[in-house]
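In: Please find the sequence and the predicted model below.
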2 protein chains.
Amino acid sequence: MSDNMTARILLDGHGGDGAPDVVLDALQQILTSSSTKAKFGVCGLEEVLTPALESRGLLDQVEIVPSAEFIEMTDAPAIAVRRKKQSSIHVGARAVRDGDWDAMVSAGNTGALMAISKLILKTLPGIDRPALASMVPARDGGTFFLDIGANVDCSSDHLVQLAVMGSCYLQAAEGIENPRVGLLNIGTEDGKGTDVIKATAPRLQASNLNFIGNVEGTDIFSDRVDVIVCDGFVGNVALKTMEGVASLILDTLKQELTSSITAKAGALLSRKALKRVKTALSPSEHNGAPLLGLNGIVVKSHGGADAHGYACAIEVAIREVEAGLIERTVEAMNTMAESDT
Amino acid sequence: MSDNMTARILLDGHGGDGAPDVVLDALQQILTSSSTKAKFGVCGLEEVLTPALESRGLLDQVEIVPSAEFIEMTDAPAIAVRRKKQSSIHVGARAVRDGDWDAMVSAGNTGALMAISKLILKTLPGIDRPALASMVPARDGGTFFLDIGANVDCSSDHLVQLAVMGSCYLQAAEGIENPRVGLLNIGTEDGKGTDVIKATAPRLQASNLNFIGNVEGTDIFSDRVDVIVCDGFVGNVALKTMEGVASLILDTLKQELTSSITAKAGALLSRKALKRVKTALSPSEHNGAPLLGLNGIVVKSHGGADAHGYACAIEVAIREVEAGLIERTVEAMNTMAESDT
């Protein structure tokens, strides 16, 4: 990052359901309500971004990084990567690679964002593949969960790398000194699970990570673990299962609470409580899925995030930059290579 | 089953948190409140079961099948299988194998129940490994989900067998004529997922199952699919994730609803609605996890189930017997072998 410790954050002006309005509303929220010293840019079509910034009175405070095109949510990632080389994601990733900006935030097509970031930024030394991670709600605030879909098949090497990346992220972005790392399994006893998992546990045990052993699906929401590591297939299914259950419960509750006069009155009185529950569980409260293991900071915002959610993703990027996530990860991978022989 | 179409159900008098009381209370519920013609037996230590049946006035209606010992929840399954050959599960499985009883229900140690059932009953022709399945709550009542932990690594053959077993189960136990079968994946498009899954989809497509394609974690709770097939690692993680989220949400709600006078009054008024939500999502409403693919009917009740939950598991066993699940599965596997060449 730049010498004076001012994080320089570049936002993708396209991608996601409400771009560029959601992106710029989020930026406006941060500029008016927080005391951040960060400097911001928006990448995308000038003819779209200029009037949108102007109408918000932000034209002087935010730099436009022009791109000739952008990737639609419907574009096939593999094709967008090769054919849309002047897209806002391509231009943004190159700007981060070249050191003009410290981080990029995008609500665009996840597959394309991951592929382009990997192509342009490359992975850090010792990291084979970048990972996609997410903070999920838990009894102690949140559990950091990775991989959530970038890597369908993971070897033991990959799982060890995920553990290092996740641990460094929590140190950098959440200030947790010694994050507790768990390996997702179908039982807590040794000897459970697939061959890959059985080979991974002793390596994590021997490392200087704070490895607490195997954890189960129920532990994701507990207060006993900070980072949970699993392959991207399992992580993606678990994450979507969470979304599905939460939505089923809240819908059932809503239905039941409007089914009788008494319940309706009850719902009215307990409205604030219900709202707080919904907020605590809302994905937008935990928005900002970092792409980890890249030689550059990239944060993915949920495509359906509102301005508040998008602002959370921007804040994740600022914290990653300010805490030196990249340098931390490089150092931790070196330490792991020494212990893991 | 016996010629006069009376299902003969043998209950394991041991295993689970509240045995034998929960088991016999459940049986009493069924005998007094339902019009079932089924005949019941309880397997276990005579000195324990005789007074327990007597105190409930059930000694004349229920046969005791004596066993010399039983498996504790803390016994290691592999050791219990070999060293406790006179356990209630061993004796019960042999009684089903020998045709004396049509089905066994047990709340005992899942690993031991699966291993002993497989050893004594064997699998059906064409089925390599038995599966463990569960009905999970969904918008249309329930989704049948398998495997949930019996088979950690599944080949494409195993997934195809799971699809057949799941489809036959829903036809037999729930009377769904043409169950919609989905393959759990990380996206609905073709070409997503692991190599095993990519090899499985076309085989299910070519079969005469009602295969609707790939489904995602969120679809488990939707009304678009009846049977979801996945390997036991993924299924176990997803199931425990569901449990974890549901418990987190309901606890958060409880906490919020007791945090202020207004909310407390609201909670009081909406108590019935909240209770109905809890009931709809309760595992005991969906209790009775069938062990499928065995040459004999075995149903696992949750170890912590109450009498109502255990009664649900007994009813699952009765329906499986009455609808001829075994014969249906054999026939469907033959049909699959013809299409899948």
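Out: Arrived safely.
In: Show me what the spatially most central residue of chain A bridges to in the sheet.
Out: What sits nearest the mean C-alpha location of chain A, by Cα atoms, centre = their mean, is A:Ala289, with 0.8 Å. Using DSSP bridges, the beta-bridge partners of A:Ala289 come out as A:Lys300.
In: Before we move on, what's the pLDDT of it?
Out: At A:Ala289, the pLDDT value in this model is 86.
In: Kindly report the same for the one 4 residues further on.
Out: The per-residue pLDDT reported for A:Gly293 equals 97.
In: quick revisit: the residue nearest to the centre of chain A touches A:Lys300, doesn't it?
Out: Yes. Between A:Ala289 and A:Lys300 there is a contact at 4.5 Å, judged by Cβ atoms under 8 Å. From N, CA and C alone the C-beta is placed, and that goes for glycine too.
In: any shared contact partners between these two?
Out: Here A:Ala289 and A:Lys300 have A:Leu132, A:Ala313 as joint contacts, going by Cβ atoms under 8 Å, 6 or more residues apart in numbering or on different chains.
In: Poorly predicted segments of chain A, please.
Out: Scanning chain A for pLDDT under 70 picks out the ranges A:1-4, A:265-266, A:268-270, A:273-274, A:276-277, A:279-286, A:341.
In: what ranges do the helices span in it?
Out: In chain A, the helices defined using DSSP state H lie at A:21-33, A:46-55, A:77-83, A:88-97, A:110-121, A:156-174, A:195-206, A:232-257, A:261-269, A:271-281, A:307-322, A:325-339.
In: burial count for A:Glu54?
Out: 11 (other Cβ atoms under 10 Å in any protein chain shown).
In: if I look at it, how far off is A:Val48?
Out: 11 Å (Cβ to Cβ, to the nearest Å).
In: cool, and A:Leu253?
Out: 40 Å.
In: Please say which of those two ends up with more neighbours.
Out: Neighbour tally, A:Leu253 and A:Val48, criterion other Cβ under 10 Å: the higher count belongs to A:Leu253, 25 against 16.
In: Isn't A:Ala115 up against A:Val81?
Out: Yes. Using Cβ under 8 Å, A:Ala115 is in contact with A:Val81, at 4.6 Å.
In: near chain B, which residues of the stretch 1-150 of chain A show up?
Out: A:Pro137, A:Ala138, A:Arg139, A:Gly149 (Cβ under 8 Å from any Cβ of the partner chain).
In: Ranking by neighbours, what's the top pick from the residues you listed?
Out: Neighbour-wise, these (other Cβ under 10 Å) top out at A:Gly149, 26 neighbours.
In: Just give the nearest non-adjacent residue to that residue, would you?
Out: Excluding its sequence neighbours, the residue lying closest to A:Gly149 (Cβ to Cβ, 6 or more residues apart in numbering or on different chains) is A:Asn236, at 3.9 Å.
In: give me the number of residues near the one you found?
Out: 26.
In: what do you get for the one 5 residues further on?
Out: Look at A:Thr241: counted by other Cβ under 10 Å, it has 28 neighbours.
In: can you tell me which residues contact it?
Out: B:Gly217, B:Thr218, B:Ile220, B:Ala238, B:Thr241, B:Met242, B:Val245.
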